[in-house]
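> dropping the sequence and predicted coords here.
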Amino acid sequence: MADNMTAVKMHKKRKAHEMTFQTLITFITVVFVLLAFIPIFLMLFLSLKSQSQFYANLWALPIPPRWKNYDAAWNRLIQNMINSVVTVSVGTLLIVSLAAMSGYVFARLEFPLKNFLFMLMLALMMIPGVLTLTPSFKLIQRIGLKNTWWALWLPWASGGQVMGMYLCRTFISNQPASLFESARIDGASEFKAFFYIALPLAKPILATLVVMNMISLYGDFIWPLLVIESNKKQVISVAIQTYSSATGMTDYGAMIAGFVMATVPLVVMFSFSSRLYIEGITSGAVKA
């Protein structure tokens, strides 16, 4: 009887320690989540301030809130936001399409120097992007693509597909080979095997690539600043940084309201693709 009582007490103590540890972990997680949201709250807070409120007391509440900041930012930056959505969508489509096709080729086809070419492409990832800015700019200038969206799409597609090709190759090579062999026995061409078998199976990793590249391209600042001169063609990341009022003074409230508006397309995109994105990340981590 005494042994049973001792075992019950030990079990209760163990459960109490586990509950305490779980509560501590939950508390720490909540704190870190709140810290991660501080920049967003601060951005929303500052976007409602007038110019005089910025200079009077930066940390005071925006009383009254200046909702006209969003109207001013919308009128000034809506064209640049549309430019970003169009350019980033096309650039991401090019990257994902090329990455999926090249990943399938390296995963399922046999040809001379296959491994050598694969390692050669991976070696491109070792070159810092800043080292290619000058030669890429001179190339775009010589072929007459400066101040056009092709100056964004072509370098984005050529530089972004390497990592995507590696991820797609790893993912597709881990799919059952019997599926592709059965398709060939049934008379399917390589394109049909790629389109009807490889692509549906690779949806998670393709969604991961879409999210990663859209975030990367949407926030690209240096390259659009170099190759796009016209404000009508400029993307939102550059247009916000050079935001100024008609008098030449920077309207900080309207500029930060532009930051808030610029995050909306990414939030909407991620809300629809988050499940596939997480699935792609976890499956890639297990199968790589």
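Done, it's in.

> for the residue nearest the centre of the chain, what are its contacts?
Nearest to the mean C-alpha position of the chain, by C-alpha atoms, centre = their mean, lies residue 215 at 2.6 Å. Contacts for residue 215 (C-beta atoms under 8 Å, 6 or more residues apart in numbering) come out as residue 266. (Each C-beta comes from the backbone N, C-alpha and C, glycine too.)

> pretty sure residue 136 contacts residue 156?
No. Contact between residue 136 and residue 156 fails when scored by C-beta atoms under 8 Å: they sit 10.7 Å apart.

> okay, now the domains of the protein?
2-46, 68-287 (automatic domain parsing).

> on that earlier part again, buried ones in the helix or strand hosting the residue nearest to the centre of the chain?
Secondary structure assigned from DSSP states H and E places residue 215 in helix 203-218. For helix 203-218, the neighbour count (16 or more other C-beta atoms under 10 Å) marks 204-214, 216-218 as buried.

> stretch 44-55 now?
Buried residues in stretch 44-55, counted by 16+ other C-beta under 10 Å: 46, 47, 48, 49, 50, 51, 53, 54.

> likewise for stretch 258-270?
For stretch 258-270, by 16+ other C-beta under 10 Å, it's 258, 259, 260, 261, 262, 265, 269.

> got those residues as TSV, with pLDDT columns?
Converted to TSV, these look like this (pLDDT from 0 to 100):
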residue	pLDDT
258	87
259	87
260	89
261	88
262	87
265	84
269	78
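
> could you dump these to a markdown table with secondary structure and distance to residue 125?
A markdown table is the format used below for the buried residues of stretch 258-270 (DSSP: H, G, I helix; E, B strand; the rest coil; distance: C-beta to C-beta, whole Å):
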| residue | secondary structure | distance to residue 125 |
| --- | --- | --- |
| 258 | helix | 33 |
| 259 | helix | 31 |
| 260 | helix | 34 |
| 261 | helix | 34 |
| 262 | helix | 28 |
| 265 | helix | 28 |
| 269 | helix | 25 |
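
> distance to residue 94 added to the residues you listed, as CSV?
Shown next, in CSV, are the buried residues of stretch 258-270 (distance: C-beta to C-beta, whole Å):
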residue, distance to residue 94
258, 27
259, 27
260, 29
261, 26
262, 22
265, 18
269, 17
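
> what about stretch 266-275, distance to the chain center?
Relative to the centre of its chain, stretch 266-275 is centred 10 Å away, using C-alpha atoms, centre = their mean, to the nearest Å.

> kindly report the same for stretch 82-92.
13 Å.

> average model confidence for it?
Per-residue pLDDT over stretch 82-92 has a mean of 93.

> output the lowest mean pLDDT helix or strand found in this structure.
Using mean pLDDT, DSSP states H and E, the weakest-scoring helix or strand in the chain turns out to be helix 252-287, at a mean of 75.

> just the ones of the buried residues of stretch 44-55 in helices?
46, 51, 53, 54 (DSSP state H).

> so can I have a markdown table of those showing pLDDT and distance to residue 242?
What follows is those, written out as a markdown table (pLDDT from 0 to 100; distance: C-beta to C-beta, whole Å):
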| residue | pLDDT | distance to residue 242 |
| --- | --- | --- |
| 46 | 88 | 19 |
| 51 | 82 | 18 |
| 53 | 84 | 23 |
| 54 | 82 | 19 |
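
> what ranges does the stretch 51-200 of the chain have for its helices?
51-56, 68-108, 114-123, 133-142, 150-173, 177-185, 190-193, 199-201 (DSSP state H, counting those that start in this stretch).

> contacting residues around residue 268?
Here residue 268 is in contact with no residue (C-beta under 8 Å, 6+ apart).

> how near is it to residue 85?
Distance of residue 268 to residue 85, computed by C-beta to C-beta, to the nearest Å: 10 Å.
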